[in-house]
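> only geometry, no sequence info:
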């Protein structure tokens, strides 16, 4: 596993906030209070899509259509991406 990059690398990427987390989608990273979490590309695409539809109900089918762009994916593809995001954010079930 590669070491975390300096915080200024995350700050150079275009970013947005999710609560107190900085989401640097182009860098595939979340950061908060000096802690940096790497997020794999598909999970980051899910997060970006959800953030763009803040306050809306987003269905599994909508995510499959827009994030996986109509590719045939197993039912658990969305679930696994959400689990990875929850883990990166330190969210407890």
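Yep, that arrived. The shown structure was predicted, so the numbers you read here are calculated from the model rather than taken from an experiment.
> By residue count, tell me the biggest helix in this protein.
Longest among the helix segments of the chain by residue count, using DSSP state H, is helix 76-89.
> And that one, what does it pack against?
Other helices and strands packing on helix 76-89, by 3 or more CB pairs under 8 Å, 6 or more residues apart in numbering; DSSP states H and E, are strand 35-38, helix 41-52, helix 60-67. All C-beta atoms are positioned from the backbone trio N, CA, C, and that covers glycine.
> so what's the backbone phi/psi at residue 23?
Main-chain dihedrals, residue 23, degrees, to the nearest 10: phi -100, psi 110.
> For it, list the residues it contacts.
15-17, 29-30, 47-48, 51 (CB atoms under 8 Å, 6 or more residues apart in numbering).
> hmm, which of the residues you listed are the buried ones?
Applying 16 or more other CB atoms under 10 Å to the contacts of residue 23, the neighbour count classes 15, 29-30, 47 as buried.
> So which of those sit within strands?
Cross-referencing these against strands under DSSP state E gives 29-30.
> so which one among the buried ones among the contacts of residue 23 has the lowest pLDDT?
Within these, pLDDT reaches its minimum at residue 15, with 89.
> Where in the chain is the helix or strand with the lowest mean pLDDT?
Ranked by mean pLDDT, DSSP states H and E, the weakest helix or strand in the chain is helix 7-12, scoring a mean of 60.
> Check which element follows that helix along the chain.
strand 16-18 (DSSP states H and E).
> Thanks again, I'm all set now.
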